[in-house]
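[1] When you get a sec, could you give me coordinates for this:
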Amino acid sequence: ATYADDRGETISGREADDRYAPLDILDEIGAEIVLAADVDTRLLGDDVSWDRIAIVRYPTGRSFVDMQSRADFRERHVHKEAGMAKTFVLACRPTVDVPDADVEPPDWAGVAHPPADDDPPVIVMHLIAWADGGRETMRGYEAEAAAVAVPHGVRIGGWFDVEGTVVGDGRRWDEVRFNRFPSLAAFMAVVGDPGRMEAHAAHRAPAMSDTYTLVLRPTRDALGTRV
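    Coordinates of the predicted model:
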């Protein structure tokens, strides 16, 4: 972490981010962290090495805006500025048009790659910028990929439409998706399936103009437990 003032101590960027975390303020305004996760692996996207992902649910858009002007919140920014080399802050709403699976996902105890002590459940995040007509093109991939992924225990954690970028690097983002898998091995089995790979080449790849795909290890996961 790099502070503008000389604090006489050396801490990591992660530790500075921990000091920034405004948990008490979020509680006061009725907001909550519903997902906090460390990035395990970056599979798609540029060479930025992302470290953490979080989702904060606010009661209203106004509550988020009003929080920015609070003196106690602004005081915390010294830690955020010191600890973060790069960050995106995206304002999102839950996606309405989420496809339903044709079959009920199996219990994780019965899948080929169930959760294990050395391979616990993972969440896979897809941050997407659509190409022209990409959202419609993606539908062809979703149907074929679901036929492969559902038997391996995939569950939709939450899909969100990006309404705007609060902090970013000038790129436009359209959607962010979080899908749960019982294990990393289960996800890699889906990725390596020949049918899914063909569907990826035919539909998914041309549907997107930009993307990140990150494998996450959640430290807090209440995503999808409340509307």
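[2] drop to CA atoms for contacts and neighbour counts, all remaining ones
    Will do.
[3] Just the residues contacting the lowest-mean-pLDDT helix or strand in the chain, thanks.
    When each helix and strand of the chain is scored by mean pLDDT, DSSP states H and E, helix 134-149 comes last, with a mean of 90. Helix 134-149 is contacted from outside by 101, 187, 190, 193, 195-196, 199-200, 202-204, 206-208, using C-alpha atoms under 8 Å, 6 or more residues apart in numbering.
[4] same thing but 10 Å
    For helix 134-149, contacts defined as C-alpha atoms under 10 Å, 6 or more residues apart in numbering pick out 99-103, 105, 128-131, 152, 154-155, 174-175, 181, 186-187, 189-191, 193-209.
[5] List the buried residues in it.
    By 16 or more other C-alpha atoms under 10 Å, the buried positions in helix 134-149 come out as 134-135, 137-138, 140-142, 144-149.
[6] Repeat that for stretch 112-123.
    By 16+ other C-alpha under 10 Å, the buried positions in stretch 112-123 come out as 113-115, 121-123.
[7] all strands in the protein, in order from the N-terminus.
    Per DSSP state E, the chain carries strands over the ranges 32-44, 52-57, 89-94, 122-130, 155-167, 175-181, 208-221.
[8] Any chance of JSON lines for those strands, columns mean pLDDT and distance to I11?
    As requested, the strands of the chain are exported to JSON lines (pLDDT from 0 to 100; distance: least, C-alpha to C-alpha, whole Å):
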{"stretch": "strand 32-44", "mean pLDDT": "95", "distance to I11": "18"}
{"stretch": "strand 52-57", "mean pLDDT": "96", "distance to I11": "17"}
{"stretch": "strand 89-94", "mean pLDDT": "96", "distance to I11": "24"}
{"stretch": "strand 122-130", "mean pLDDT": "97", "distance to I11": "28"}
{"stretch": "strand 155-167", "mean pLDDT": "94", "distance to I11": "24"}
{"stretch": "strand 175-181", "mean pLDDT": "96", "distance to I11": "31"}
{"stretch": "strand 208-221", "mean pLDDT": "96", "distance to I11": "21"}
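[9] could the ones you listed go into CSV alongside distance to V65?
    CSV is the format used below for the strands of the chain (distance: least, C-alpha to C-alpha, whole Å):
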stretch, distance to V65
strand 32-44, 15
strand 52-57, 13
strand 89-94, 11
strand 122-130, 23
strand 155-167, 10
strand 175-181, 21
strand 208-221, 24
